[in-house]
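Engineer: Here is the input, now give the coordinates:
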Amino acid sequence: MIEQHQDHSLSAAQGGDRRLGAPTPHVPVLVDAVLAALAPRDDALYVDATFGRGGYSVALLAAARCRVVGFDRDPEAIRYGHELAERYSGRLTIVEGRFGEMIRLLAPVTSGPIAGIAFDLGVSSAQLDKPERGFSFRFDGPLDMRMSREGQTAADLIASLSERQLAELIGELGEERFARRVARAIGAAQRRQPVRRTVELAEVVRAAVPRSEPGQDPATRTFQALRIAVNDELGELDRGLAAAEQLLTAGGRLAVVSFHSLEDRRVKQFLQRRSSRAPRGSRHAPAPLAAAAPSFRQLGRRVVRPDAAEIARNPRARAARLRAAERTAAPAWPADFAAPSLSRP
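Structural biologist: Sure, this is the predicted structure:
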């Protein structure tokens, strides 16, 4: 069964340096499309908001004599990034932290205009392939799922929720049709013995889900929901997109690669709103004047997906979707307009 997620690994052309911890040499998902969207140029500054194993950062640095600032909240990615940065003579800077806090975290690093920002959302291959990180239902490991290695684990989250709350979480963040059945099964298992391991949870979920999509493990959606909740991924995405809007210079480019409909819907609605005029409001609910002008121009009419050749090389890329936009000269929209609706299009 294939787990849907992103791949931050280095490409074969870059050597797949095992000393730096790249487990297998893979091209980052949709890297050519991301580079085409960002159009890197010499002497410009770019942000890789989800550094991971540096795939997009390396591609940007190879495409132009530019500078890149890479963000990640995972301490392992930060250690890897500092080693990788030694190769680039000051052109690559690594910052530990959430991309939703980019504005604050960039201040001590640079004050220059940002020409492009790339997001590669979700969990990385490096995280997924390590049993001790607890992200995968394919391996036995602690039920952890924390990207930053801090805060509440997935096991803690399950233990803290009622069956009703757990069903709502799995239904909303995992888009699981059988969320109530899954929640009841987890609750019953918890009453026998706390669920603390990935394989324990996966077995409980598989027994509760009567059918699933072909090629997809029945545990996929539940694991996705817990991971998103543990890491506040959708909240981070809202904050990250709003930060990118404020940071990008006029003509700067935004490229966002997502891997499931919750992420893609949020990105789509954000860019749709920002590329059209905001409602001017009324005397009862006036809209700020600064929100009237579009702050982005969308690049391309359709979402970009990997072709058959890329999926054949990397089956984990099959769910990837890229949306890109160019920053206009208009002011960033006020915070009141920062979070897109969760409603379905």
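
Engineer: can you give me the helices in the stretch 101-250 of the chain?
Structural biologist: Listed in chain order, the helices of the stretch 101-250 of the chain (DSSP state H, counting those that start in this stretch) span 102-106, 125-128, 154-160, 163-173, 179-192, 198-208, 220-231, 233-247.

Engineer: Pipe these into JSON lines and attach mean pLDDT, mean neighbour count and distance to residue 261 per row.
Structural biologist: For the C-beta atoms, the positions are set from N, CA and C on the backbone; glycine is no exception. JSON lines is the format used below for those (pLDDT from 0 to 100; neighbours: other C-beta atoms under 10 Å; distance: least, C-beta to C-beta, whole Å):
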{"stretch": "helix 102-106", "mean pLDDT": "96", "mean neighbour count": "17", "distance to residue 261": "25"}
{"stretch": "helix 125-128", "mean pLDDT": "85", "mean neighbour count": "22", "distance to residue 261": "19"}
{"stretch": "helix 154-160", "mean pLDDT": "97", "mean neighbour count": "19", "distance to residue 261": "21"}
{"stretch": "helix 163-173", "mean pLDDT": "98", "mean neighbour count": "19", "distance to residue 261": "11"}
{"stretch": "helix 179-192", "mean pLDDT": "97", "mean neighbour count": "18", "distance to residue 261": "16"}
{"stretch": "helix 198-208", "mean pLDDT": "97", "mean neighbour count": "20", "distance to residue 261": "20"}
{"stretch": "helix 220-231", "mean pLDDT": "97", "mean neighbour count": "24", "distance to residue 261": "11"}
{"stretch": "helix 233-247", "mean pLDDT": "97", "mean neighbour count": "21", "distance to residue 261": "12"}
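
Engineer: Mind putting the ones you listed into TSV with distance to residue 37?
Structural biologist: Shown next, in TSV, are those (distance: least, C-beta to C-beta, whole Å):
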stretch	distance to residue 37
helix 102-106	19
helix 125-128	22
helix 154-160	34
helix 163-173	28
helix 179-192	35
helix 198-208	35
helix 220-231	25
helix 233-247	13
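
Engineer: ok now do the nearest residue to residue 115 once chain neighbours are set aside, which residues does it touch?
Structural biologist: Computed as C-beta to C-beta, 6 or more residues apart in numbering, the closest residue to residue 115 that is not its neighbour in sequence is residue 44, at 3.8 Å. Listed by C-beta atoms under 8 Å, 6 or more residues apart in numbering, the contact set of residue 44 reads 64, 66, 67, 115, 116.

Engineer: tally of neighbours for the fourth one?
Structural biologist: One way to gauge burial is a neighbour count; for residue 115, by other C-beta atoms under 10 Å, it gives 23.

Engineer: Please apply the same query to the first one.
Structural biologist: Look at residue 64: counted by other C-beta under 10 Å, it has 18 neighbours.

Engineer: Identify the residues contacting residue 106.
Structural biologist: The neighbours of residue 106, taking C-beta under 8 Å, 6+ apart as the test, are 47, 69, 95, 114, 247.

Engineer: now it: how far from residue 148?
Structural biologist: Using C-beta to C-beta, to the nearest Å, residue 106 is found at 19 Å from residue 148.

Engineer: same deal with residue 51?
Structural biologist: 13 Å.

Engineer: and the two? which has more neighbours close in?
Structural biologist: The neighbour count for residue 51 versus residue 148, taken as other C-beta under 10 Å, is higher for residue 51 (31 against 14).

Engineer: The more buried one reaches residue 71, doesn't it?
Structural biologist: Yes: taking contacts as C-beta atoms under 8 Å, residue 51 lies within contact range of residue 71: 6.0 Å.

Engineer: and the closest residue to residue 263 other than its chain neighbours, how many neighbours?
Structural biologist: With C-beta to C-beta, 6+ apart as the criterion, residue 263 has its nearest non-adjacent residue at 5.0 Å, and that residue is residue 121. Around residue 121 there are 26 other residues, counting by other C-beta under 10 Å.

Engineer: quick one, phi psi at residue 121?
Structural biologist: The phi/psi pair for residue 121 (degrees, to the nearest 10) reads phi -80, psi 160.

Engineer: For it, report the pLDDT, please.
Structural biologist: On the pLDDT scale, residue 121 is placed at 95.

Engineer: Pull the contacting residues for it.
Structural biologist: With contact taken as C-beta under 8 Å, 6+ apart, residue 121 is in contact with 6, 50, 233, 237, 256, 257, 258, 259, 263.

Engineer: Just the ones in strands from those, please.
Structural biologist: Counting by DSSP state E, those place 256, 257, 258 in strands.

Engineer: Distance of the second one relative to residue 193?
Structural biologist: Here residue 257 is placed at a distance of 39 Å from residue 193 (C-beta to C-beta).
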